[in-house]
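[1] using only what follows, build the 3D model:
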Amino acid sequence: MGGKNSTPEPRTQIKYVPDPSASARVAQLEAKVEKLSSKRPKVEYVKEYVRDPELLRQIEEYQARNRELMEKYDELYQEIRDNNINSFDDLDEHYSKGAEALKRMAAATQPMQMTGVNFALFGITSSGKSTMLNQFLGKQVAATGAGETTTQVQRYDGNGFSLYDIPGKNDEISYFTMEYVAFWKALTARLVLITATVKEMTSVFRLLDAINLKYDIVVNKFDQHQEDERDVLKAQIHAEIKQIGLMGVENVWFISSKFPQMFDDWLQMVHSLTERPHKSNNMTRRNQIETKSNTSFFPQHRARSATSNLVQDQFAAQLHQLQSMGFDDENKNRRLLTKHNGDISSTINSLLNSNHHY
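    Reported below is the predicted structural model:
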């Protein structure tokens, strides 16, 4: 029998076409996993900027008490990084939703529990922060000169007070963290150093305004301006404050940290730091209402003591010099140094005049 060979029919090819929405979900999950795997541990990140053991301990305790709020900060922080935002000005202009979220979280952030009288200095490189620290403490504790840049929060202890040197950051979003906001709120005073224009630190001023904190503007290196230019600079600084609309300015000081006796503002600033009211860590009225904080700072007699210690430490070098010259009455020396704004020559002339009155 001669039968025909039958050719099998070709099989129908089934092509898998992925669901676009499912692919998008997978891509989102993969991106999230990659982001989480690349995220540094919080403690490691904090240690990059804080090396002081006591402050680090306070931060870690604060983190443990406020984990839920910290997670919200971290989510916002990551969103800000993803949007290539590098300052509060950028945040406010290009991501207003994030700026509002930061303000709400800052209002809910309680001050860190710090003891004693605490001041912090903010400023860009070469603004004279280290020289100012040394003058406050009356000794050389912070390196000065070209190339000296603060990269970590540094604490320096005086007699009854602590001074913190805050890094001047190129990447300001490092300030947008729960830890920094809580630290700022706990400070007795915040001193922001500039040398020629408010615009040097505009973004920091606006951030402090956004979280409703007061601050002093310190125009340092005032001695480097010619005498006939100084009144012009003063007018310019005050005009810029008004033009930019800064809200938290408590004082504006015009000083030379290298030659503190040159300008009266130096001693006035020293006394102001501890004589001002310390309710709610010097926060603005709006912030006091929002946080409902009952925190009060140290009694006034403690504040006066800290002021005296600041002045004493400030004149330590001059007192030592006078003692080495045979002027042994320390109280008398200090009174005359205060009278002459720390000027050693005028003080010596007064000491040599046996009939002087003060």
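[2] got a pLDDT number for residue 118?
    In this prediction, residue 118 carries a pLDDT score of 91.
[3] so it sits in a strand?
    Yes. Remark: residue 118 belongs to a strand, assigned using DSSP: H, G, I helix; E, B strand; the rest coil.
[4] who does it bridge with?
    On the basis of DSSP bridges, residue 118 is bridged to residue 162.
[5] ok, the one 4 residues further on next?
    Here residue 122 sits in beta bridges with residue 192, as judged by DSSP bridges.
[6] in this structure it contacts residue 205, no?
    No. Using CB atoms under 8 Å, residue 122 makes no contact with residue 205, being 9.5 Å away. Glycine gets a C-beta too; all of them are placed from N, C-alpha and C.
[7] now do the nearest residue to residue 262 once chain neighbours are set aside: how many residues are near it, please.
    Spatial nearest neighbour of residue 262, excluding adjacent residues (CB to CB, 6 or more residues apart in numbering): residue 256 at 5.1 Å. Residue 256 has 22 neighbours, counted by other CB atoms under 10 Å.
[8] what kind of secondary structure is residue 58 in?
    Residue 58 - assigned by three-state DSSP - is helix.
[9] list the contacts of it.
    Contacts for residue 58 were tallied using CB atoms under 8 Å, 6 or more residues apart in numbering; they are 112-114.
[10] closest one to residue 342 out of those, please.
    Relative to residue 342, the closest of the contacts of residue 58 is residue 114; by CB to CB it sits at 29.6 Å.
[11] for the closest one, which three-state class applies?
    Per three-state DSSP, residue 114 ends up coil.
[12] that one reaches residue 184, doesn't it?
    No. With contact defined as CB under 8 Å, residue 114 does not reach residue 184; the gap is 10.9 Å.
[13] re earlier: what's the pLDDT at the residue nearest to residue 262?
    Predicted confidence (pLDDT) for residue 256: 94.
[14] same question, residue 202
    Residue 202 is given a pLDDT of 90.
[15] next one: it from residue 78, what distance?
    Relative to residue 78, residue 202 is positioned 25 Å away (criterion: CB to CB, to the nearest Å).
[16] compare those two (neighbour count), which wins?
    residue 202 (17 against 13).
[17] show me what contacts the closest residue to that one other than its chain neighbours?
    Spatial nearest neighbour of residue 202, excluding adjacent residues (CB to CB, 6+ apart): residue 244 at 6.3 Å. Contact analysis of residue 244 by CB under 8 Å, 6+ apart lists 198, 202, 205-206.
[18] for these, give me a markdown table that also has distance to residue 131.
    Formatted as a markdown table, those follow (distance: CB to CB, whole Å):
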| residue | distance to residue 131 |
| --- | --- |
| 198 | 21 |
| 202 | 23 |
| 205 | 22 |
| 206 | 27 |
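[19] most neighbours of all these, which one?
    Ranking those using other CB under 10 Å puts residue 205 first, with 25 neighbours.
[20] can you say which helix or strand has that one in it?
    helix 202-210 (DSSP states H and E).
[21] same question for residue 141.
    Using DSSP H and E, no helix or strand contains residue 141.
[22] same check on residue 164?
    Assigned by DSSP H and E, residue 164 falls in strand 161-165.
[23] now the angle from the helix or strand that that strand is followed by to strand 117-122?
    Where DSSP H and E defines the elements, the next helix or strand beyond strand 161-165 is helix 178-186. Here the directions of helix 178-186 and strand 117-122 differ by 120 degrees (axes from the mean of the first three to the mean of the last three CA atoms, to 10 degrees).
[24] tell me what helix 178-186 is packed against?
    helix 53-65, helix 67-82, helix 96-108 (3 or more CB pairs under 8 Å, 6 or more residues apart in numbering; DSSP states H and E).
[25] so the last one versus helix 202-210, what angle?
    Here helix 96-108 points in a direction 50 degrees away from that of helix 202-210 (the same axes, to 10 degrees).
[26] elements contacting helix 96-108?
    helix 67-82, helix 88-94, helix 178-186, helix 202-210, helix 285-291.
[27] which helix or strand in the chain has the lowest average pLDDT?
    Least confident helix or strand, the chain: helix 285-291 with a mean of 36, by mean pLDDT, DSSP states H and E.
[28] please parse the protein into its domains.
    Using automatic domain parsing, the domains assigned to the chain come out as 107-295, 315-352.
[29] of all those domains, which one is nearest residue 85?
    domain 107-295 (6.3 Å).
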